[in-house]
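Asker: After the sequence you'll find the predicted model.
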Amino acid sequence: MAPRANWKGFLRLSLVTCPVALYPATSESEKISFNQLNRQTGHRVKYLKVDADTGDEVPNEDIVKGYELEKGQYIEVSKEELEEIALESTRTIEIDEFVDRSDIDPRYLIRPYYIRPDGKVGHDAFAVIRETIREMNKVAIGRVVLTNREHIIALEPMDKGLVGTLLRYPYEVRSEKEYFDEIQDVKVTKDMLDLARHIVNQKAGRFESEKFEDHYETALIDLINQKRAGKVIRPKERPTGENLVDLMEALRQSVGREAAPAKEKAAKKPKKASAGQKEMLMPIAGKKPAKEATAKKPTAGARRKSA
């Protein structure tokens with residue numbers, strides 16, 4: 001089933017325009033999620049909207065938005081007033097400028113979207129815009145209205161399409177000064193840097209997302225499988241941290257520790273994690289037998305979420 005677009009409109013570079021569709025490039029729906037239950041009954045917990053002072057439940061039609069000026073003092077803002085100031089979507093991503101990728105501070109990146117031509121027309125214009133960005137080795141900066149708010153979006157070519165990443169505004173990014181000013185100025189010796197560089201060289205590699213495994217998600221799947229099988233869950237012993245006070249000695253020991261894995265890595269290609277993490281959760285009674293279920297390679301969307 002084809003994914004549903006979050007937004008449809010036009011991509012415009014000066015007088016060159018083409019219809020496009022925008023799709024989320026990431027998803028967290030595959031992660032294990034939990035519901036809150038009443039320990040006594042096993043029933044799900046339901047949340048009610050209640051008046052903070054009286055404790056009475058408030059129906060949805062009586063709930064309005066309010067901005068807190070000071071403790072306990074609010075200014076009410078109606079739905080109609082918000083609609084009055086909402087930006088009307090032009091349904092167009094306007095490209096305003098082109099910048100170097102290195103100019104974009106990573107703190108400003110929010111989330112990525114896939115952008116592709118919408119329908120059978122406009123593929124030529126889309127290709128012109130995409131290949132221009134690619135040839136110039138630049139990032140196109142544009143504006144798009146989503147949910148009544150205008151967002152800055154950075155466009156980059158990816159394969160036959162584009163990736164558009166929403167960017168934060170300056171007021172949304174905290175200054176590093178309030179966090180870094182109290183860090184002490186430390187003189188790092190050449191010997192320490194040489195040892196540290198040696199460790200980095202031993203651990204050097206290429207970024208390959210396929211080899212990373214969400215170990216916590218895998219542990220959750222194991223836990224749920226064991227509980228469904230009726231096994232007793234016993235706490236594991238946690239490793240104790242080493243207490244090395246001498247920084248030079250810690251660096252020397254680190255060099256020795258990384259030497260062995262580096263040799264193994266050179267001799268054997270690292271095993272990549274599967275797209276669906278470790279394995280599917282155990283099938284519910286009445287479904288396909290475990291042997292039949294595991295005969296097919298599990299997909300990312302095949303795992304069951306806990307109730």
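Answerer: Arrived safely. Numbering: from 1, shown residues only.
Asker: where does the stretch 51-200 of the chain dip in pLDDT?
Answerer: For the stretch 51-200 of the chain, the stretches flagged by pLDDT under 70 are 88-89.
Asker: switch to 50 and redo it
Answerer: Within the stretch 51-200 of the chain, no range satisfies pLDDT under 50.
Asker: tally of neighbours for residue 231?
Answerer: For residue 231, the number of neighbouring residues by other CB atoms under 10 Å comes to 10. For glycine as for every other residue, the C-beta is placed from the backbone atoms N, C-alpha and C.
Asker: Now do the same contact list for it.
Answerer: The contact partners of residue 231, by CB atoms under 8 Å, 6 or more residues apart in numbering, come to none.
Asker: Which secondary structure state does it sit in?
Answerer: coil (DSSP: H, G, I helix; E, B strand; the rest coil).
Asker: same check, this time on the one 3 residues further on
Answerer: Following three-state DSSP, residue 234 is assigned to coil.
Asker: How about residue 29?
Answerer: With three-state DSSP as the basis, residue 29 sits in coil.
Asker: Just the pLDDT at it, thanks.
Answerer: For residue 29, the model assigns a pLDDT of 84.
Asker: do the same with residue 283
Answerer: 51.
Asker: Also residue 302?
Answerer: We have a pLDDT of 39 for residue 302.
Asker: Residues in contact with stretch 41-50: which ones?
Answerer: Residues contacting stretch 41-50 (CB under 8 Å, 6+ apart): 35, 36, 37, 38, 56, 57, 58, 60, 63.
Asker: what about that stretch, start to end distance?
Answerer: 23 Å (CA to CA, to the nearest Å).
Asker: Run the chain-centre distance for that stretch.
Answerer: Centroid separation for stretch 41-50 versus its chain: 29 Å, with CA atoms, centre = their mean, to the nearest Å.
Asker: And stretch 203-222, by the same measure?
Answerer: Stretch 203-222 has its C-alpha centroid displaced from the chain centroid by 15 Å (CA atoms, centre = their mean).
Asker: what's the span of it, first residue to last?
Answerer: Stretch 203-222: ends 30 Å apart by CA to CA.
Asker: Would you mind listing the buried residues in that stretch?
Answerer: By neighbour count with 16 or more other CB atoms under 10 Å, stretch 203-222 contains the buried residues 220, 221.
Asker: so residue 200 sits in a helix?
Answerer: Yes - counting by three-state DSSP, residue 200 is part of a helix.
Asker: That one: neighbour count?
Answerer: Residue 200 has 10 neighbouring residues, counting by other CB under 10 Å.
Asker: gap between it and residue 106?
Answerer: 20 Å (CB to CB, to the nearest Å).
Asker: Same check on residue 26?
Answerer: On the measure of CB to CB, residue 26 and residue 106 end up 16 Å apart.
Asker: so where do the helices sit in this protein?
Answerer: Secondary structure of the chain, counting by DSSP state H: helices at 79-85, 123-136, 177-180, 190-202, 215-228, 247-267, 290-295.
Asker: could you dump these to a markdown table with distance to residue 98?
Answerer: A markdown table is the format used below for the helices of the chain (distance: least, CB to CB, whole Å):
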| stretch | distance to residue 98 |
| --- | --- |
| helix 79-85 | 31 |
| helix 123-136 | 6 |
| helix 177-180 | 30 |
| helix 190-202 | 34 |
| helix 215-228 | 39 |
| helix 247-267 | 40 |
| helix 290-295 | 50 |
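Asker: So for residue 152, which of these sits nearest?
Answerer: Closest of the helices of the chain to residue 152 is helix 123-136, at 16.1 Å (criterion: CB to CB).
Asker: which of residue 26 and residue 106 has more neighbours?
Answerer: A direct count of neighbours by other CB under 10 Å for residue 26 and residue 106 places residue 26 higher, at 8 against 5.
Asker: my guess is that one meets residue 111, correct?
Answerer: Yes - using CB atoms under 8 Å as the test, residue 26 is close enough to residue 111 to be in contact (6.3 Å).
Asker: Could you count how many residues lie near the closest residue to residue 138 other than its chain neighbours?
Answerer: Closest residue to residue 138 in three dimensions, ignoring its sequence neighbours and counting by CB to CB, 6 or more residues apart in numbering: residue 98, at 4.0 Å. Summarising burial for residue 98: neighbours were counted as other CB under 10 Å, giving 15.
Asker: Residue 198 too?
Answerer: 16.
Asker: same thing with residue 107?
Answerer: Using other CB under 10 Å: residue 107 sits among 11 other residues.
Asker: distance of it from residue 45?
Answerer: Distance, residue 107 to residue 45, using CB to CB: 37 Å.
Asker: How about residue 22?
Answerer: Distance from residue 22 to residue 45, counting by CB to CB: 36 Å.
Asker: Looking at the two, which has the bigger crowd around it?
Answerer: Using other CB under 10 Å, the more surrounded residue of residue 22 and residue 45 is residue 22, with 22 against 8.
Asker: I am finished for the moment; much appreciated.
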